[in-house]
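[1] Provided below for reference: sequence and predicted model.
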Amino acid sequence: MINKSIVIVGPTASGKTDLSIKLAKRIDSPVINTDSRLFYKNLDIGTGKPSKAQRLDVKHYLVDIINPRDNFSISEFVKKASQVISQIHTKKRIPILVGGSGQYTKALVEGWDIPEIPPNSELRKSLQEIIDDKGVDFFYEKLKKDFPENALNIDKKNPRRLIRAYELGKNNIVRMPKSKREPDSYKLYGLTLDRKVLYSRIDERINKMVDSGWVEEVKKLIDQGCNSDSNSFSSIGYKEIYSYIMGDTDLEESISVIKKKTRNLVRHQYNWFKLSDPEIKWFDMGSYSQDEIINKIVKDFNEN
């Protein structure tokens with residue numbers, strides 16, 4: 001299976017990280033991160049980033065590659081990820097791509113042609129003012145009306161993504177037709193879980209993140225010059241904890257908002273990767289053990 005890649009998708013807290021590391025050790029392969037939150041240095045606790053021990057155990061690419069105040073576009077990600085995949089293939093190994101960022105994963109797997117339009121700070125400011133004044137739903141409808149192609153498959157509740165989509169204007173993303181993609185170059189496997197169980201795991205996970213020093217992590221990032229406008233703080237939880245540190249909310253309120261937004265994220269993730277998608281082989285984490293899933297992935301991958 002040279003020049004083929006394994007892709008692990010699924011919602012937050014479904015167990016992608018642990019399973020991918022176990023799979024990587026089983027087939028002696030490296031992991032390529034496709035989660036946009038893990039690109040940033042020093043955003044560790046709130047992103048569920050693989051621990052240093054896990055990254056020493058298995059080689060991870062595209063983790064901790066940019067500073068928290070920097071930007072990193074989808075086009076830059078696709079370019080870097082494609083380069084890494086080629087490097088791994090030259091070593092006769094199988095890349096394992098893992099992450100919950102549907103747009104980034106889809107862009108890579110489907111070969112999107114993404115225009116490299118430089119950020120326009122003045123335009124962004126004016127668009128943000130529209131969102132602040134009339135709300136994110138109004139702005140989504142505006143995007144859909146003005147640039148309908150750019151509104152496709154977008155997180156309609158994410159102001160940063162909406163602003164960027166509008167900024168692209170008529171230079172919209174071009175998706176490569178299935179007929180022109182290399183057949184089976186990516187084999188997709190999804191992890192899913194009963195929604196109530198998943199939400200319970202999310203709540204427990206967020207509580208552990210706070211207990212593990214998430215507030216202190218955000219304070220350090222503020223000391224490094226980050227604020228609510230920083231690109232990295234668009235990761236769920238960082239703005240909410242920032243608001244708590246600034247005295248605008250109490251901690252309990254911030255945690256409640258984080259849990260609610262994370263549940264909403266799960267719904268968006270299932271929109272990107274649908275359980276009905278015939279290109280994804282789904283595994284219910286409530287029905288299979290990690291070892292059983294890994295055995296099935298290895299067997300299926302080797303047979304195809």
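    Cool, got the structure.

[2] going by residue numbers, what spans are strands in the stretch 51-200 of the chain?
    Counting by DSSP state E, counting those that start in this stretch, one finds strands in the stretch 51-200 of the chain at the ranges 60-61, 96-98, 186-192.

[3] any idea of the mean pLDDT for the second one?
    Per-residue pLDDT values over strand 96-98 give a mean of 98.

[4] strand partners of it, parallel vs antiparallel please.
    Paired neighbours of strand 96-98 in the sheet (DSSP bridges): strand 5-9 (parallel), strand 31-33 (parallel).

[5] would you reformat these as JSON lines and include distance to residue 120, mean neighbour count and mean pLDDT?
    (Each C-beta comes from the backbone N, C-alpha and C, glycine too.) Shown next, in JSON lines, are these (distance: least, C-beta to C-beta, whole Å; neighbours: other C-beta atoms under 10 Å; pLDDT from 0 to 100):
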{"stretch": "strand 5-9", "distance to residue 120": "32", "mean neighbour count": "25", "mean pLDDT": "96"}
{"stretch": "strand 31-33", "distance to residue 120": "28", "mean neighbour count": "26", "mean pLDDT": "98"}
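
[6] CSV for those strands, including distance to residue 57?
    Output for the strands paired with strand 96-98, formatted as CSV (distance: least, C-beta to C-beta, whole Å):
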stretch, distance to residue 57
strand 5-9, 17
strand 31-33, 10
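
[7] now the strands of the stretch 51-200 of the chain in a markdown table, with distance to residue 118 and mean neighbour count?
    As requested, these are arranged in a markdown table below (distance: least, C-beta to C-beta, whole Å; neighbours: other C-beta atoms under 10 Å):
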| stretch | distance to residue 118 | mean neighbour count |
| --- | --- | --- |
| strand 60-61 | 26 | 20 |
| strand 96-98 | 27 | 25 |
| strand 186-192 | 30 | 20 |
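
[8] residue 17: which of the ones you listed is closest?
    Closest approach to residue 17 among the strands of the stretch 51-200 of the chain (C-beta to C-beta): strand 96-98, 7.0 Å.

[9] next up, phi/psi of the residue nearest the centre of the chain, please.
    With distances taken as C-alpha atoms, centre = their mean, residue 101 lies nearest the centre of the chain, 2.3 Å away. With angles defined as degrees, to the nearest 10, residue 101 sits at phi -90, psi 100.

[10] that one reaches residue 47, doesn't it?
    No: using C-beta atoms under 8 Å, residue 101 makes no contact with residue 47, being 11.0 Å away.

[11] what comes up buried for stretch 200-216?
    Of all the residues in stretch 200-216, those buried under the rule 16 or more other C-beta atoms under 10 Å are 201-203, 206, 209-210, 214-215.

[12] need the contact partners of the one helix or strand residue 270 maps to.
    With secondary structure defined by DSSP states H and E, residue 270 is part of helix 251-272. For helix 251-272, contacts defined as C-beta atoms under 8 Å, 6 or more residues apart in numbering pick out 9-12, 100, 102-103, 105-106, 153, 155, 157, 195, 198-199, 202-203, 206-207, 210, 215, 236-237, 240-241, 243-244, 249.

[13] tabulate the CA atom coordinates of that helix in PDB.
    This file holds the C-alpha atoms of helix 251-272, laid out as PDB (Å, rounded to 0.1, in the frame of the first residue of the first chain):
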ATOM      1  CA  LEU A 251     -15.200  30.600  36.100                       C
ATOM      2  CA  GLU A 252     -18.300  28.400  36.500                       C
ATOM      3  CA  GLU A 253     -20.000  30.500  33.800                       C
ATOM      4  CA  SER A 254     -17.000  30.200  31.500                       C
ATOM      5  CA  ILE A 255     -16.800  26.400  31.900                       C
ATOM      6  CA  SER A 256     -20.500  26.100  31.100                       C
ATOM      7  CA  VAL A 257     -20.100  28.100  27.900                       C
ATOM      8  CA  ILE A 258     -17.100  25.900  26.900                       C
ATOM      9  CA  LYS A 259     -19.100  22.700  27.400                       C
ATOM     10  CA  LYS A 260     -22.000  24.100  25.300                       C
ATOM     11  CA  LYS A 261     -19.700  25.300  22.500                       C
ATOM     12  CA  THR A 262     -17.900  21.900  22.500                       C
ATOM     13  CA  ARG A 263     -21.200  20.100  22.100                       C
ATOM     14  CA  ASN A 264     -22.000  22.400  19.200                       C
ATOM     15  CA  LEU A 265     -18.600  21.600  17.700                       C
ATOM     16  CA  VAL A 266     -19.500  17.900  17.700                       C
ATOM     17  CA  ARG A 267     -22.500  18.600  15.600                       C
ATOM     18  CA  HIS A 268     -20.400  20.600  13.100                       C
ATOM     19  CA  GLN A 269     -17.800  17.700  13.000                       C
ATOM     20  CA  TYR A 270     -20.600  15.300  12.100                       C
ATOM     21  CA  ASN A 271     -21.700  17.600   9.300                       C
ATOM     22  CA  TRP A 272     -18.200  17.500   7.900                       C
END
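
[14] kind regards, and thank you for your time.
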